[in-house]
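Enquirer: coordinates only, sequence not included:
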Ligand code: NDP
Ligand code: MG
C-alpha cells in the first residue's frame with residue numbers, strides 16, 4: 001500500500017477516528033469491522049456521547065479514547081478530555097490514518113496537527129478546508145502528511161482524475177441531490193419547518209450537514225473544498241442537480257471525454273477508498289450495483305433564486321481571504337439557530353449575507369486571525385435579527 005507506514009510487528013494500518021459517534025464515524029466503524037486484517041482502530045474520540053463511545057471502545061479496543069466535552073459523570077476516568085484530546089488522537093504514533101469526522105470548524109486544528117505529524121488524513125470535515133484551506137495545504141507540505149477526501153463528490157473526482165494533471169481537465173461537475181426542497185416553490189421554502197429540512201431524500205447524515213443539504217450551503221462548502229483540493233479555478237467547477245445521488249460527480253477532460261463515478265448513496269465506499277487510495281481492497285459489505293433496478297438518472301439546473309446560500313458561498317470562495325471562514329462560521333451559527341427554533345429557514349441566507357457584508361473583506365492569513373474572524377462571524381450571525389418594516 002503506498003504512502004502509509006505499517007507499524008513494526010503489525011502490518012495492519014492504525015486508524016484514529018475523530019468523531020467516532022457521528023454518522024461518518026459509525027459508518028467508518030462498520031467498514032473497519034469488516035476489515036480486521038487490514039486495519040486496527042488506534043484511537044476514538046467523541047464530543048459528549050460517552051455511552052456510545054464506551055460501547056465502541058469495548059468492541060474495538062483502541063489504545064486512546066478521548067471525550068472532548070464529557071457530559072456529567074458518564075466519562076471513563078482513563079479517557080483524555082477537552083479539545084487537546086482531539087489533537088492527541090490526531091497525532092498518535094500508532095495511527096497511520098486519521099479520519100476527521102468532527103463536524104464544523106472545530107475540526108480544523110486536528111486536521112492541521114495530523115498533517116503536520118505526517119499522517120494520511122481521510123477528511124470528512126470539509127469545514128477544515130473551507131476555513132483554513134491555505135493553512136491545511138501548508139501543514140501537509142511541511143509535515144509530509146497526505147490529504148484524501150471522504151466527501152463522496154470529492155472521492156468521485158479523485159477516482160475520475162486518476163492522477164491526470166490539471167491542464168488535461170476542462171471542468172469538475174459536482175452533483176447535488178437538491179435536498180428535500182428541490183421542487184418546492186421559493187416562497188414555501190422560506191417557511192420550511194425543521195422536520196421537513198431533516199428529511200433528506202437520499203442520504204442519512206448528522207443534523208448540521210442535513211440542514212446544509214437543504215439550503216445547499218453544503219454544496220457551496222463542497223465547491224470551495226474542490227477548489228482547495230484540486231487547485232482548479234472557480235469558473236471550472238460547476239454544480240448540477242441529480243436527484244437520485246447515484247453519480248457522485250464527474251470530470252470533463254480537455255478532449256471532451258467525461259468520466260463519472262457511480263454507486264448507491266452510501267458513505268461506506270468513499271470512507272474505505274480514503275483509507276486505501278490509490279489501491280482498492282475487497283469489501284463484501286454492500287450488494288452489487290444493479291443498473292436496471294437503479295433506473296433513470298436525471299439532471300436539472302440549480303435554482304439559484306430559491307437557494308441563495310449556494311451563490312453566497314461560491315462568491316465567498318471567489319473573494320478568498322477571510323470570506324470563506326466568515327461564510328462557514330455564520331452558516332454554522334445560523335443552522336444552530338434554525339435547529340433551536342430562533343431563525344426561520346429563509347433567514348439562514350440573510351444572516352450569512354449580513355455577516356459576509358460586515359466581515360467578508362477581513363484578511364485572515366494565520367490561525368490566530370482566522371480564529372478571531374470565526375468568533376466575530378459567529379457573534380454577528382447569533383445577534384442578527386430580521387429588519388422590522390414600519
Ligand atoms: P455528526 O453530527 O453525525 O457527528 C459529528 C461527530 O463529531 C460526533 O462524533 C460528535 O460527537 C463529534 N463532535 C461534534 N462537535 C464536536 C466538537 N466541537 N469537537 C469534537 N468533536 C465534536 O456529523 P456527520 O458525521 O454527519 O458529519 C461529520 C463531518 O463529515 C462534517 O464535516 C460533515 O460535513 C462531513 N460529511 C458528512 C457526511 C455524512 O454522510 N454524514 C458526508 C460527507 C461529509 P458526539 O456524538 O459526542 O456529539
Ligand atoms: Mg458531499
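Expert: Sure, I can see it. Since the model is a prediction, treat every value here as computed from it, not as a measurement. Ligands and ions are numbered 1, 2, ... in the order given.
Enquirer: Quick check: which ranges of the stretch 51-200 of the chain have low pLDDT?
Expert: For the stretch 51-200 of the chain, applying pLDDT under 70 flags the ranges 72-73.
Enquirer: which stretches of it form helices?
Expert: 84-90, 108-116, 127-143, 152-161, 186-190, 194-197 (DSSP state H, counting those that start in this stretch).
Enquirer: Which residue ranges of the stretch 201-350 of the chain form helices?
Expert: So, for the stretch 201-350 of the chain - with DSSP H, counting those that start in this stretch - the helices run 207-215, 217-230, 268-276, 291-294, 308-319, 323-339, 348-359.
Enquirer: Would the third one count as contacting ligand 2?
Expert: Which is helix 268-276. No. Applying CB under 5 Å from the ion, one finds helix 268-276 out of contact with ligand 2, separated by at least 8.7 Å. Where C-beta positions appear, they are placed from N, C-alpha and C, glycine not excepted.
Enquirer: and that helix with helix 152-161, angle?
Expert: Calculated by axes from the mean of the first three to the mean of the last three CA atoms, to 10 degrees, helix 268-276 forms an angle of 60 degrees with helix 152-161.
Enquirer: Show the contacting residues for residue 111.
Expert: 90, 100, 121, 123, 125, 128, 132, 136, 139 (CB atoms under 8 Å, 6 or more residues apart in numbering).
Enquirer: Go back to those and keep what's next to ligand 1.
Expert: By CB under 6 Å from any ligand atom, the members of the contacts of residue 111 lying near ligand 1 are residue 125.
Enquirer: Which one of the contacts of residue 111 sits in the busiest neighbourhood?
Expert: Neighbour tally across those (other CB atoms under 10 Å): the maximum, 31 neighbours, falls on residue 121.
Enquirer: need the contact list for it.
Expert: Residues in contact with residue 121 (CB under 8 Å, 6+ apart) are 97-98, 100, 111, 114-115, 140, 145-148.
Enquirer: ok and the residue in the stretch 201-350 of the chain nearest ligand 1?
Expert: residue 206 (2.7 Å; CB to the nearest ligand atom).
Enquirer: nearest spatial neighbour of that residue, skipping sequence neighbours?
Expert: Nearest non-adjacent residue to residue 206, counting by CB to CB, 6 or more residues apart in numbering: residue 23, 4.7 Å away.
Enquirer: Could you do residue 319 as well?
Expert: Closest to residue 319 by CB to CB, 6+ apart is residue 360, at 6.1 Å.
Enquirer: got a pLDDT number for that neighbour?
Expert: pLDDT, residue 360: 98.
Enquirer: Residue 286 too?
Expert: Note for residue 286: predicted pLDDT of 87.
Enquirer: want to try a markdown table for the helices of the stretch 51-200 of the chain, with distance to residue 227 as columns?
Expert: As requested, the helices of the stretch 51-200 of the chain are exported to a markdown table (distance: least, CB to CB, whole Å):
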| stretch | distance to residue 227 |
| --- | --- |
| helix 84-90 | 24 |
| helix 108-116 | 17 |
| helix 127-143 | 8 |
| helix 152-161 | 11 |
| helix 186-190 | 27 |
| helix 194-197 | 27 |
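Enquirer: Can you pull the residues of the stretch 151-300 of the chain lying near ligand 1?
Expert: 151, 203, 205-206, 208-209, 267.
Enquirer: Tell me which two of those sit farthest apart.
Expert: 208 and 267 (15.2 Å; CB to CB).
Enquirer: Who has more neighbours out of the two?
Expert: residue 267 (23 against 19).
Enquirer: Spatially nearest residue to that one (excluding sequence neighbours)?
Expert: The spatial neighbour of residue 267 that comes closest, neighbours along the chain excluded (CB to CB, 6+ apart), is residue 27 at 4.9 Å.
Enquirer: residues near residue 363, how many?
Expert: 11.
Enquirer: where does it land on pLDDT?
Expert: Per-residue confidence (pLDDT) for residue 363: 93.
Enquirer: quick revisit: nearest to residue 232, out of the helices of the stretch 51-200 of the chain?
Expert: helix 152-161 (9.7 Å).
Enquirer: Distance from the chain centre to that closest one, please.
Expert: Put simply, helix 152-161 sits 14 Å off its chain's centre (CA atoms, centre = their mean, to the nearest Å).
Enquirer: For this protein, which residue gets nearest to ligand 1?
Expert: Counting by CB to the nearest ligand atom, the chain gets nearest to ligand 1 through residue 22 (1.9 Å).
Enquirer: Could you pull up the residues touching that residue?
Expert: When contacts are counted by CB under 8 Å, 6+ apart, residue 22 touches 101-103, 206.
Enquirer: got it, and residue 230?
Expert: Taking CB under 8 Å, 6+ apart, one finds 154, 157, 161, 166, 169, 172 in contact with residue 230.
Enquirer: can we see that at 7 Å?
Expert: 157, 172 (CB atoms under 7 Å, 6 or more residues apart in numbering).
Enquirer: Equivalent analysis for residue 70, please.
Expert: Residue 70 neighbours (CB under 7 Å, 6+ apart): 48, 50, 81.
Enquirer: show me what contacts the residue lying closest to residue 20 once chain neighbours are set aside?
Expert: Of all residues not flanking residue 20 in the chain, residue 44 sits nearest, at 4.2 Å (CB to CB, 6+ apart). If a contact means CB under 7 Å, 6+ apart, then residue 44 has 17, 20, 53, 56-57, 60, 62, 65 as its contacts.
Enquirer: Same check on residue 176?
Expert: 216, 219, 239, 241-242.
Enquirer: What about those, which are in strands?
Expert: 239, 241 (DSSP state E).
Enquirer: Ramachandran angles for residue 43?
Expert: Main-chain dihedrals, residue 43, degrees, to the nearest 10: phi -150, psi 150.
Enquirer: State the distance from it to residue 19.
Expert: 11 Å (CB to CB, to the nearest Å).
Enquirer: Residue 86 too?
Expert: From residue 86 to residue 19 the distance is 9 Å (CB to CB).
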